[in-house]
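A.B. asks: requesting a structural model of the entry that follows:
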Amino acid sequence: MVQGRLVFFGELLIRLTAPGNELLMQSPSLSLHVGGAEANVAIGLAHLGHDCAMVGKIPSNALGRGAVAAVRGAGVDCTAVTLHPGRMGLYFLSVGAGLRASEIVYDRARSSFAESGAEDYDFDRLLAGARLLHLSGITPALGPRSAAAALAAARAAKRLGVPVSFDGNYRAMLWDAWDSDPRAILSELIGSADILFGNHRDLSLVLGREFSGEGEDRRREAAEAGFAAFPALKLIASTARHIVTADHHRIAARVDLRGGAHQTAEVDVTGIVDRIGAGDAFAAGVLHAHLKGADVKAMAETGLALTCLKHSLPGDASRFGEADIDAFHGGGLDVRR
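C.D. replies: Have a look, this model is predicted:
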C-alpha cells in the first residue's frame, strides 16, 4: 500500500442502537458500536491497507478505554488518543423502516474531546512526516475550544506542508448551541484544504450565494465557485442521495477537479441494514483511490462502491477491502468461496 501515515483528528463516539427497527426505549436493550466521523474514515482506510493514526481525547473510564480498544482493534493507531477530563460522547439511534425515517439523539455535551483545546495537542509533532490530515466540520461545531483545536491542526498541517482533507459535515444544531460563526470558521478550514467533501449546499453556506443550475450543472457551478474562492483546493467530492423509502435509496457519486469532473450513474441501494457512516465510507473510498494516484473516474467509482457497501453493514464504519470493491464493480452477488 502507499506509504505515509494518515492522521485523523476528531471525537470518538459510542453509539447505542435500539433493537431491529424499534423506537428508542421501546424495549430495555441497546446494542453498542464505536465510531465518530473522522474515526470512521480512518477505519475504512485501515481496512484498505493504509497506515492510519487517530488524534483525540477520551475520559479515564471504561467507556473511553473501550472506545479506544475498538478503534485500535480495527487497525488504527490510537497512541495519540489520550486522557482528558470530561465524559464520553454518546449518541442513540432508532433505525427507520419503510416510510419512517431513522432518528438520532445526541448526548455529547462537555465530552472530553469537546472540552479539549488547541493547547492540549502538539500538532507539529503529531503531524511530522504525515501524508495527510483529515478533519471534519463536526469538530469545530462542538464549541469554541474544539473549534480552536481544529483550526490549529489545519494551520499546523499547512505550515508543515501536509495536505488537508476536510469533510464539511455541517450540523446546524451543534453550531446553534453556542455563540459561533460557522461561516468564518468553515471558510478558514476549507481554505486550508486540498480536498473537500461537500456539495453545493456546503459551498452555498460558506460563499453566501446560491447556485441556480440543476443536477450536474449546479454541482459543477458550485465546484467552480469553490475552486475560485479557495486557491488551495484541488478536489471536491460529493454524493447525491434520493430517498425512496427508509430502506431504498438511489445514490450517485461525483468528483470535481479544476480541469474536469466525473459523476457516476445512480445506483439503487435496497435492503438497507445501516446507513450511518455512509458518507465517511465515501470519503475513505475517494481518498484510497486518490492516494493511489487514480484518475477522477476511479475516485468517484471507488467512493460510490464503499458508500453503497456500507449500507449493508451494521455499525458506523466501512470494513471492506479491495476484493469487496472489485466484487461490487463486477456485480458479484454470489457467495465468494
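A.B. asks: any idea what residue 135 is bridged to?
C.D. replies: residue 166 (DSSP bridges).
A.B. asks: that one: neighbour count?
C.D. replies: 27 (other Cβ atoms under 10 Å). Backbone N, C-alpha and C define where each C-beta goes, glycine included.
A.B. asks: isn't it right next to residue 42, touching?
C.D. replies: No. In this structure, residue 135 is not within contact of residue 42 by Cβ atoms under 8 Å, at 11.8 Å.
A.B. asks: can you tell me the SS state at the most centrally placed residue in the chain?
C.D. replies: Geometric centre of the chain, nearest residue: residue 280, 3.6 Å, by Cα atoms, centre = their mean. Of the three states, residue 280 takes helix under DSSP: H, G, I helix; E, B strand; the rest coil.
A.B. asks: swap in residue 174?
C.D. replies: Residue 174 - assigned by three-state DSSP - is helix.
A.B. asks: and it, how far is that from residue 106?
C.D. replies: Distance, residue 174 to residue 106, by Cβ to Cβ, to the nearest Å: 8 Å.
A.B. asks: if you count surrounding residues, which of those two has more?
C.D. replies: Each of residue 174 and residue 106 has its neighbours counted (other Cβ under 10 Å); residue 174 has more, 23 against 13.
A.B. asks: give the contact list for the more buried one.
C.D. replies: The contact partners of residue 174, by Cβ atoms under 8 Å, 6 or more residues apart in numbering, come to 138, 141-142.
A.B. asks: repeat the analysis, applying 6 Å as the threshold.
C.D. replies: Under the criterion of Cβ atoms under 6 Å, 6 or more residues apart in numbering, the neighbours of residue 174 are residue 141.
A.B. asks: check what pLDDT it gets.
C.D. replies: For residue 174, the model assigns a pLDDT of 92.
A.B. asks: same question for residue 333.
C.D. replies: If you check residue 333, the pLDDT there is 61.
A.B. asks: what about the residue nearest to the centre of the chain, distance to residue 89?
C.D. replies: Separation of residue 280 from residue 89 (Cβ to Cβ): 16 Å.
A.B. asks: now residue 284
C.D. replies: Remark: distance between residue 284 and residue 89 (Cβ to Cβ) = 21 Å.
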